[in-house]
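# Just need the structure, nothing else, for what follows:
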Amino acid sequence: AAGGGGKGMRIALNAHDLRDALERAASEARSSFGDDRVFLEKFVREPRHIEIQVLADRHGRTLHLGERECSIQRRHQKVIEEAPSPLLDAATRRAMGEQATALARAAGYHSAGTVEFIVDAERNFYFLEMNTRLQVEHPVTELVTGLDLVEQMLKVAAGEPLGLTQDQLRLDGWAIEARVYAEDPARGFLPSTGRLRRYVEPQGQGLRVDSGVVEGSEVQLYYDPMIAKVCAHGRDRGEAIDRLGAALDGFYIRGVSHNAAFLTALLNHRRFRAGELSTDFIAAEFGERFEGVAPTAATRTGLAAVAVALRLTQAQREARISGQLPGWRPSLRTDWVVQLGDENIVVEARPEPPLFIVDAAGTRHELLLEWRPGEPLARATIEGRTAVVQVDPCPEGFRLSHGGIEIQALVRTREAAEFAARVPPKVPPDTSKFLLSPMPGLIVSVAVAKGEPVKAGQELAVLEAMKMENVLRAERDGVIEEIRIVPGATVAADQVLFAFA
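Numbering: from 1, shown residues only. From the prediction side, this is the model:
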């Protein structure tokens, strides 16, 4: 009954689920908002979450500023929002706007507010709630209307009338916002904490970034994990998506795990591009975790070519400073082997700075590279297409990030590649006897005792992080041999919590 941001929301498909869902929802609400009351409502399958922005003054004028589609959610928390919605037609938009303004008038509301609806595939809409405040996603409405909602709220609070009518309102183009979270998509989108060692926000035409952090800020486990909102405005939906994707490629964040690559993959998904959205989109298309987009063969050869160009650019810089080191000779070889994952790609490259003539796996490229060694971002143009690639040096090569792809590119001579192929791979340690903490957090409760037999799926403990409670369950049948935590303890990621016999 209190709060927001998806906190305390659960879906119950049977009586057993209902008991657990009520307990978890009440506990989260009590912890976050001091109010553990809950209510039940009908669950609409494959719904879309669409909301109407309203403005009302104290002189009898109430208008709506169109809709925002907020269907791309994870765990009931919005991830991507856009204005307008690709689903609504003019008649549905008008009907929803009329219902929203009627509600605001009936409530005697004066200010900016948001009326939220669930909409099904036939454009039937159902009232959810009204938020009597500014929403996180309000920038997309500002971008398509040209209005400053904060300014309008201040004027209404000062008793001034709204300076426009419903007929005067015009929507210009399309706007999309992505929420950048401090979380680890590869570990089930669990929150990530730490210090922002590097933080470089993107810039460009049609972009707006709202953030509350700077380089050196500490992301703690006590607050919501969102660190920035990246918004893009374009003439149409396609242009807005392209601008936002390019901006996320250029958003350089190090020190905490984050979801920028996942957001880019989401924007590039066929169903998203087609506007085929629902609130279960992420769960249906990506599941419970994201480990990066698998690059196509053409993308792999392109990244291999970029990796060699980066290596040669490093060597050229070394050559320029080598005059101070008598007898020093850089390696300016033209034949290389690039290891991308388990694949080795043979690359021949001839540097003609800033142009590189590259033959990767039998495909010839003319590659224009704009990069200075040590910079986090490189701009590479291949066959007339320009892409921003994030560059992190690593032993023997680079870690490259682009378009939802995060991959290690090891650049070796042929001799070094042949030697590396003969080295046996490292075997990871066996942790099957332990339950490790999936994230930093606070232990709320422990449900088992030492020596107790447990079944796979049984609750062992509840871990709270960033105002969300997570039930930790046994991964297999066993007996609790050791418990290394107590309620109220703060734990780190990968810390051993339980040992099994």
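
# Okay, the spatially closest residue to Ser217 that is not a sequence neighbour and Ala294: tell me how far apart.
Ranked by C-beta to C-beta, 6 or more residues apart in numbering and with sequence neighbours excluded, the top spatial neighbour of Ser217 is Leu196, at 5.0 Å. Placement of C-beta: from N, CA and C, glycine included. If you measure Leu196 against Ala294 using C-beta to C-beta, to the nearest Å, the figure is 29 Å.

# Wait, the residue nearest to Ser217 touches Tyr252, no?
No: with contact defined as C-beta atoms under 8 Å, Leu196 and Tyr252 do not form a contacting pair (10.4 Å).

# okay, Leu196 and Ala294: which has more neighbours?
Neighbour tally, Leu196 and Ala294, criterion other C-beta atoms under 10 Å: the higher count belongs to Leu196, 19 against 11.

# quick one, what contacts that one?
Counting by C-beta atoms under 8 Å, 6 or more residues apart in numbering, Leu196 touches Val213, Val214, Glu215, Gly216, Ser217, Glu218, Val219, Ile227, Ile253, Arg254, Gly255, Val256.

# what about it, distance to Phe251?
With C-beta to C-beta as the criterion, Leu196 and Phe251 are 12 Å apart.

# same question, Phe272
When distances are taken as C-beta to C-beta, Phe272 and Phe251 turn out to be 19 Å apart.

# for Arg372, what are its contacts?
Residues touching Arg372, when contacts are defined by C-beta under 8 Å, 6+ apart, comprise Thr313, Arg317.

# what are the phi and psi angles of it?
With angles defined as degrees, to the nearest 10, Arg372 sits at phi -110, psi 130.

# With the one 10 residues further on instead?
Backbone torsions of Ile382, given as degrees, to the nearest 10, read phi -130, psi 130.

# Phe189 too?
Per degrees, to the nearest 10, the residue geometry at Phe189, taken as phi and psi, is phi 60, psi 30.

# just checking, it touches Arg74?
Yes: at 6.3 Å, Phe189 counts as touching Arg74 under the criterion of C-beta under 8 Å.

# Which strands border the helix or strand bottoming out on mean pLDDT in the chain, and is each parallel or antiparallel?
Of all the helices and strands that make up the chain, the one with the lowest confidence by mean pLDDT, DSSP states H and E is strand 190-191; it has a mean of 86. According to DSSP bridges, the neighbouring strands of strand 190-191, each with its direction, are strand 183-184 (antiparallel).

# Can you give the distance from the longest strand along the chain to the centre of its chain?
In the chain, ranked by residue count with DSSP state E as the criterion, the top strand is strand 62-74. Distance, stretch centre to chain centre, for strand 62-74: 19 Å (C-alpha atoms, centre = their mean, to the nearest Å).

# How about stretch 222-236?
Taking C-alpha atoms, centre = their mean, one finds stretch 222-236 lying 9 Å from the centre of the chain it belongs to.

# Which secondary structure elements does the helix or strand in which Glu116 is found sit against?
Assigned by DSSP states H and E, Glu116 belongs to strand 111-119. With contacts taken as 3 or more C-beta pairs under 8 Å, 6 or more residues apart in numbering; DSSP states H and E, strand 111-119 sits against strand 48-56, helix 90-106, strand 125-131, helix 149-157.

# Reformat these into a markdown table and put mean neighbour count and distance to Glu28 next to each item.
Below are those laid out as a markdown table (neighbours: other C-beta atoms under 10 Å; distance: least, C-beta to C-beta, whole Å):
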| stretch | mean neighbour count | distance to Glu28 |
| --- | --- | --- |
| strand 48-56 | 25 | 20 |
| helix 90-106 | 16 | 28 |
| strand 125-131 | 15 | 17 |
| helix 149-157 | 15 | 29 |
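
# In JSON lines, list the ones you listed along with distance to Pro185 and mean pLDDT.
Compiled in JSON lines, the helices and strands packed on strand 111-119 are given as follows (distance: least, C-beta to C-beta, whole Å; pLDDT from 0 to 100):
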{"stretch": "strand 48-56", "distance to Pro185": "21", "mean pLDDT": "97"}
{"stretch": "helix 90-106", "distance to Pro185": "33", "mean pLDDT": "97"}
{"stretch": "strand 125-131", "distance to Pro185": "28", "mean pLDDT": "94"}
{"stretch": "helix 149-157", "distance to Pro185": "31", "mean pLDDT": "97"}
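
# Output these in TSV, with distance to Gln390 appended to each entry.
Formatted as TSV, the helices and strands packed on strand 111-119 follow (distance: least, C-beta to C-beta, whole Å):
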stretch	distance to Gln390
strand 48-56	31
helix 90-106	39
strand 125-131	36
helix 149-157	33
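
# Would you mind measuring from Val454 to Arg473?
9 Å.

# between these two, who's got more neighbours?
Between Val454 and Arg473, Val454 has the larger neighbour count (other C-beta under 10 Å), namely 19 against 15.

# That one contacts Leu460, correct?
Yes: with the criterion set as C-beta under 8 Å, Val454 and Leu460 qualify as a contacting pair; they are 7.0 Å apart.

# which residues are common contacts for those two?
Common neighbours of Val454 and Leu460 are listed as Val448, Ala474 (criterion: C-beta under 8 Å, 6+ apart).

# where do the contact lists of Val454 and Arg473 overlap?
Leu460.

# phi, psi of the residue nearest to Phe434 when sequence neighbours are not counted?
Nearest non-adjacent residue to Phe434, counting by C-beta to C-beta, 6+ apart: Val496, 4.9 Å away. Comment: the main-chain dihedrals of Val496 come out as phi -70, psi 130, following degrees, to the nearest 10.
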